[in-house]
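>>> structural data only, the sequence is not supplied:
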């Protein structure tokens, strides 16, 4: 009876509202020093900085002489910036139209999403192949996969990005005309580096998930006449997926955050856009809190979706 009373006394803190209060309290304790230092510096939070970093409103006009579209004030006092253009007769651009464009952080967020998705699409097959190779009966495949995992896991991601960009990038340049892919070179090579890095960790996640399936399942499938490939596809991998999902979600989240390192090869993702914006307006509080919030709203849906998939798999 005493045991039931103790559980009922702690029931509120185990519920969703109680967990939310605890989390909000801990989060408030973390934010308090930041808020105090912000107040002590006699700073005032500026929402216009936050909004302009996400959405920008400007005026654009088309030069009637060369057709170049460029920013122009409402009174049409700006001149054409095209060096080879003689400009209109009166030397000024016509009155422009108001346009709404994504701000620097919104553009950086889109780049973060693109490079993370591309890296994940390349890293998942690489990790699956690596995990199956680690469990292969072929000694060469096992040795190659083990070497790949150890080399990637024991070297910094930043170094790997430099190696892919400056070494493998030059190798690719010798086969492809750089003018054909110069604009996308940092983006593609950065995604490749992230894919190779995440693939090593996904390899170990897949291997651990497969080893977690009882060996009797494979033996029963082989006794029924299924081939090794059919056993993996129809019996082992569906059961291993339940064990793979949680660590795979963590790796996916880490991949999104690790994409910020691609700024060293001129990829203007979210963190790089934040640094550029702070260097321009010197509003570090507003910019970095906005950057953190944008990362949060991208990563949170992933966690919620995978959590729902885990519950569904557990029910099945």
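Happy to help now that I have it. Predicted model, so just to flag it, every value in this text is computed and none were measured.
>>> every contact and neighbour count from this point should use C-alpha atoms.
OK.
>>> which residues touch the residue nearest to the spatial centre of the chain?
Note on the chain: the residue nearest the mean C-alpha position is residue 256, at 2.2 Å, using CA atoms, centre = their mean. Shown in contact with residue 256 (CA atoms under 8 Å, 6 or more residues apart in numbering): 112-113, 116, 299.
>>> now pLDDT, neighbour count and secondary structure too, for those residues, in a markdown table please.
Shown next, in a markdown table, are the contacts of residue 256 (pLDDT from 0 to 100; neighbours: other CA atoms under 10 Å; DSSP: H, G, I helix; E, B strand; the rest coil):
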| residue | pLDDT | neighbour count | secondary structure |
| --- | --- | --- | --- |
| 112 | 94 | 25 | helix |
| 113 | 94 | 17 | helix |
| 116 | 94 | 25 | helix |
| 299 | 87 | 17 | helix |
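>>> tabulate the residues you listed (CSV), appending distance to residue 199.
Shown next, in CSV, are the contacts of residue 256 (distance: CA to CA, whole Å):
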residue, distance to residue 199
112, 18
113, 18
116, 13
299, 19
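>>> pick the one among these closest to residue 29.
Here the nearest of these to residue 29, counting by CA to CA, is residue 299; it sits at 22.7 Å.
>>> please name the residues that touch the closest one.
Residue 299 touches 253, 256, counting by CA under 8 Å, 6+ apart.
>>> ok, residue 281 next?
Per CA under 8 Å, 6+ apart, neighbours of residue 281: none.
>>> mind checking how far it is from residue 202?
Using CA to CA, to the nearest Å, residue 281 is found at 40 Å from residue 202.
>>> check residue 179 too.
Where residue 202 is concerned, residue 179 sits at a distance of 34 Å (CA to CA).
>>> who has more neighbours, the two?
The residue with more neighbours, out of residue 179 and residue 202, is residue 202; 28 against 9, by other CA atoms under 10 Å.
>>> the more buried one is in contact with residue 122, isn't it?
No: applying CA atoms under 8 Å as the test, residue 202 and residue 122 come out as separate, 11.3 Å apart.
>>> neighbours around residue 226, how many?
16.
>>> helix or strand for it, which one?
In the assignment (DSSP states H and E), residue 226 maps to no helix and no strand.
>>> and it, its phi and psi?
Backbone torsions of residue 226, given as degrees, to the nearest 10, read phi -80, psi 140.
>>> the closest residue to residue 57 other than its chain neighbours and residue 286, how far apart?
Closest residue to residue 57 apart from its sequence neighbours, by CA to CA, 6 or more residues apart in numbering: residue 100 at 4.6 Å. Separation of residue 100 from residue 286 (CA to CA): 21 Å.
>>> more neighbours: which of these two?
residue 286 (20 against 10).
>>> pull the contacting residues for that one.
Contacts for residue 286 (CA under 8 Å, 6+ apart) come out as 45-47, 49-50.
>>> how distant is the helix or strand hosting residue 277 from the center of its chain?
Assigned by DSSP H and E, residue 277 belongs to helix 270-281. Helix 270-281 sits 18 Å away from the centroid of its parent chain (CA atoms, centre = their mean, to the nearest Å).
>>> that'll do, ta.
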